[in-house]
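In: the following block contains a protein sequence and its predicted model.
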Amino acid sequence: MVRAVKRHKNGFITDPIIFSPNHAVAHMLDIKARLGFCGIPITDTPSPPSLEPDALCSSETRSLGAKLVGIVTSRDAQFVDQANVPNTRGYCCFP
């Protein structure tokens, strides 16, 4: 329990979950269900080699030096008809 609370230090999350624009909305919904996150930053990082749910939490998708492209929230994803569409602008990722 303490480890879950101590993910941030001095206002910064030290190991964020970051998606690329190529991740599907279904992946964001999976992270929300498993970890309770309701907003995920979208950066210009390349896609991980595997888009399996376990790969989303690996260090391959985290890059603190990446450029922020937008953010997708659970409220944004509510209005997407198909969960397999990408998080690109125009679907549910907003700058």
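Out: Good, I have the coordinates.
In: so which helix or strand takes in the nearest residue to Ile31 once chain neighbours are set aside?
Out: Closest residue in space to Ile31, ignoring its immediate chain neighbours: Phe37 at 5.5 Å, by Cβ to Cβ, 6 or more residues apart in numbering. In short, each C-beta sits where N, CA and C put it, glycine included. For Phe37, there is no host helix or strand (DSSP states H and E).
In: isn't Phe37 up against His27?
Out: No: taking contact to mean Cβ atoms under 8 Å, the distance of 11.5 Å between Phe37 and His27 leaves them out of contact.
In: who has more neighbours out of the two?
Out: Comparing Phe37 with His27 by other Cβ atoms under 10 Å, the one with more neighbours is His27, at 23 against 14.
In: the more buried one touches Ile18, doesn't it?
Out: No: shown here, His27 and Ile18 do not form a contact pair, counting by Cβ under 8 Å, at 11.8 Å.
In: pretty sure Ser20 contacts Asp44?
Out: Yes: look at Ser20 against Asp44 with Cβ under 8 Å: they come within range, at 7.4 Å.
In: grab the longest helix from the protein for me.
Out: When every helix of the chain is counted residue by residue (DSSP state H), the longest turns out to be helix 25-35.
In: coming back round to it: neighbour-wise, which of Ser20 and Asp44 wins?
Out: Between Ser20 and Asp44, counting by other Cβ under 10 Å, Ser20 is the more crowded of the two (20 against 11).
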